[in-house]
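1. I would like to see how this sequence folds:
(one chain, ligands or ions: 1)
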Amino acid sequence: MENHKPFLVLLFFAFAIGFIAVVFVLRWVLHFREGLAWDGGAKEFNWHPLLTVTGFIFLQGIAIVVYRLPWTWKCSKLMMKFIHAGLHVLAFILAVIALVAVFDFHNVQNIPNMYSLHSWVGLTAVILFSLQIVLGLCIFLLPVSPDYLRSAFLPIHVFSGLFIFTTVIAAALMGITEKLIFSLNDPKYKDSPAEATFVNVLGLLIILFGSLILWIATRPSWKRPSEQLLHALHSNQPASVGATTDTAIGERPDPEPTSEARRRTGKSEE
Ligand code: HEM
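-> Numbering: from 1, shown residues only. I've put the predicted structure just below:
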């Protein structure tokens with residue numbers, strides 16, 4: 001891998017920022033808000049930010065870059081696909097519980113559902129995410145799906161994964177702002193109480209985490225090497241021309257040699 005050190009530094013930084021964001025949201029709901037419970041009240045609502053930030057943002061971010069972790073390169077591609085899919089499914093389950101919490105809270109409190117831009121964008125992201133998971137599982141994990149379909153679908157899968165991740169971050173920022181405006185009364189949000197400043201910093205951490213994940217995921221030189229190259233490295237054989245990286249996430253710098261390598265092995269590279 002080129003630029004191995006900057007990659008590891010950025011990766012560590014991204015994971016640390018994501019983890020601190022989760023700690024921030026936990027402190028927000030436990031210290032500044034009412035805490036957590038499943039009682040139809042404010043405590044039940046608090047599961048919503050906690051689980052969306054932990055699952056839909058932090059776990060999804062890790063799932064996006066998991067193919068790039070150098071210490072996973074000795075695992076088979078199939079194993080990595082299961083880990084990638086498993087983390088996404090876990091993120092999805094947490095997002096669904098977070099939605100159940102907020103819908104239940106609204107219903108018990110007689111608050112209308114789905115009136116805000118935040119709720120429209122958020123629900124759209126969850127629906128797209130579920131589609132992304134189902135299509136990804138069917139096309140990349142079902143052994144019957146043909147190679148040409150996998151190759152054709154891969155760029156769409158990569159784009160929509162990054163698009164959904166970005167949309168989720170936008171939804172979270174809207175949700176955070178809404179919640180601060182709704183719940184801070186004396187002093188108000190505009191008076192900058194400690195909670196407002198703390199949660200604004202949470203928003204900045206989420207943006208930083210998102211941008212680091214997007215940066216890491218779109219560097220072609222940090223991609224998982226192709227199976228061909230990994231096999232050659234493990235067996236000390238010379239790798240064939242163009243057998244550089246897999247197309248897990250990001251654009252390939254030179255598509256021609258890759259197509260050549262694929263013609264020779266007769267295999268899809270997803
Ligand atoms: C409500 C999705 C994150 C605050 C909602 C609703 C959805 C949703 C679909 C509508 C529920 C209903 O109408 O009964 C999401 C998604 C998120 C996310 C997908 C992923 C990031 C957050 C975060 C906060 C938040 C981090 C911060 C506290 C709120 C608030 C409501 C709400 C205050 C009630 C007002 C409204 O409907 O806009 N969310 N949310 N959300 N969410 Fe989120």
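
2. From Pro146, how far out is Gln132?
-> Counting by CB to CB, to the nearest Å, the separation of Gln132 from Pro146 is 20 Å. C-betas here are computed from N, CA, C, even on glycine.

3. any chance you could map the helices in the protein?
-> 4-27, 42-45, 47-51, 60-65, 77-108, 117-136, 147-183, 194-217, 227-235, 255-265 (DSSP state H).

4. Determine the number of other residues adjacent to the closest residue to Ala98 other than its chain neighbours.
-> Excluding its sequence neighbours, the residue lying closest to Ala98 (CB to CB, 6 or more residues apart in numbering) is Leu51, at 3.7 Å. Leu51 has 22 neighbours, counted by other CB atoms under 10 Å.

5. now swap in the one 10 residues further on and tell me
-> For Gly61, the tally of surrounding residues (other CB under 10 Å) stands at 28.

6. tally of neighbours for Lys81?
-> There are 18 residues near Lys81, going by other CB under 10 Å.

7. nope, Ala101 is what I was after
-> Quick note: Ala101 (other CB under 10 Å) scores 23 neighbours.

8. wait, the residue nearest to Ala98 sits on Ala101?
-> Yes: using CB atoms under 8 Å as the test, Leu51 is close enough to Ala101 to be in contact (7.3 Å).

9. returning to that earlier point: of the helices of the chain, which shows the lowest average pLDDT?
-> Mean pLDDT values for the helices of the chain show the minimum at helix 255-265, a mean of 38.

10. Convert the C-alpha atoms of stretch 116-124 to CSV, please.
-> What follows is stretch 116-124 as a C-alpha-only set of coordinates in CSV (Å, rounded to 0.1, in the frame of the first residue of the first chain):
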residue,chain,number,x,y,z
SER,A,116,-40.3,17.9,9.4
LEU,A,117,-37.6,17.9,6.7
HIS,A,118,-35.5,16.0,9.2
SER,A,119,-38.0,13.2,9.3
TRP,A,120,-38.4,13.1,5.5
VAL,A,121,-34.7,12.9,4.9
GLY,A,122,-34.1,10.5,7.8
LEU,A,123,-36.9,8.0,6.7
THR,A,124,-35.7,8.2,3.1
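
11. Only the buried residues of it, if you could.
-> By 16 or more other CB atoms under 10 Å, the buried positions in stretch 116-124 come out as His118, Ser119, Val121, Gly122.

12. Out of the residues you listed, which are close to the ligand?
-> His118, Ser119, Gly122 (CB under 6 Å from any ligand atom).

13. from the residues you listed, which is closest to Phe165?
-> Gly122 (13.4 Å; CB to CB).

14. Model confidence at the closest residue to Ala42 other than its chain neighbours, what's the number?
-> Nearest non-adjacent residue to Ala42, counting by CB to CB, 6+ apart: Glu34, 4.7 Å away. Note on Glu34: pLDDT of 96.

15. doesn't Asn46 make contact with Glu34?
-> Yes: at 6.7 Å, Glu34 and Asn46 qualify as touching, with contact defined as CB under 8 Å.

16. Could you check which of those two has the larger neighbour count?
-> Neighbour tally, Glu34 and Asn46, criterion other CB under 10 Å: the higher count belongs to Asn46, 24 against 15.

17. The more buried one and the ligand: what is the separation?
-> 8 Å (CB to the nearest ligand atom, to the nearest Å).
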